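A.B. asks: Whatever this is, show me its structure:
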Amino acid sequence: MQVTAAFTSSSQQNTTFRLLADNATVVELIQDIVTACSGNLTSPGSIVPTAYNDSIPAPKPEQTVQYYRASTVALTLDGYNNTGAFSEDDNAPDTPLPTNIDTNLLNCLNTTIGEAVPLVDAANMRWSAPSSAGLLVLSYLIWTISGSI
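C.D. replies: Presented below is the predicted three-dimensional model:
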């Protein structure tokens, strides 16, 4: 299930970023973002994931300012409309971000999300040694193949 969470700037009331991803990712990222960026956020303790539906103010593709993890996580900006996103011209430039947004919050969000959602989480990969039965089967297969050569 896709969910979204809103992050409103404490210094620029016209700046609300929204995170869009699966529920587990958004729940984890809310914790990371609140820890790293709470000084830039309005009411950081009240940020919760909400189900994504295509209603306003649900984030729209043309509002995306950054994609992460092979585009499975998106950060959007309310009010931003990147007309270049829908151009059939591959060389069409993106619409610049507005100049009156909280760039400190944007930088904090971008850094925190980028570090928290890598493509592969090598620290959590688990390697386990093959079982005795697996080694026995492997040994038998090698012995059988080598005997038939």
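A.B. asks: so where's the chain uncertain?
C.D. replies: In the predicted model, the chain carries pLDDT under 70 at residues 55-56, 119-149.
A.B. asks: show me where it has helices.
C.D. replies: With helices called from DSSP state H, the chain shows them at 23-37, 103-116, 132-147.
A.B. asks: Report the central residue of the chain.
C.D. replies: Central residue check for the chain by CA atoms, centre = their mean: the C-alpha nearest the mean position is that of Val73, 3.0 Å away.
A.B. asks: Quick check, that one in contact with Ile113.
C.D. replies: Yes - with contacts defined as CB atoms under 8 Å, Val73 counts as touching Ile113 at a distance of 6.7 Å. For the C-beta atoms, the positions are set from N, CA and C on the backbone; glycine is no exception.
A.B. asks: what touches both of the two?
C.D. replies: Overlap between the contact sets of Val73 and Ile113, as judged by CB atoms under 8 Å, 6 or more residues apart in numbering, is given by 19, 29.
A.B. asks: give me phi/psi at the nearest residue to Ser10 once chain neighbours are set aside?
C.D. replies: Here the nearest residue to Ser10 in space, its sequence neighbours aside, is Thr42; by CB to CB, 6 or more residues apart in numbering that works out to 4.8 Å. The phi and psi values for Thr42, taken as degrees, to the nearest 10, are phi -80, psi 130.
A.B. asks: Quick check: Thr42 vs Ile33, distance?
C.D. replies: Computed as CB to CB, to the nearest Å, the Thr42 to Ile33 distance reads 13 Å.
A.B. asks: now Asp102
C.D. replies: Separation of Asp102 from Ile33 (CB to CB): 14 Å.
A.B. asks: what do you get for Val27?
C.D. replies: Distance from Val27 to Ile33, counting by CB to CB: 11 Å.
A.B. asks: and what of Asp90?
C.D. replies: Using CB to CB, one gets 33 Å for the distance from Asp90 to Ile33.
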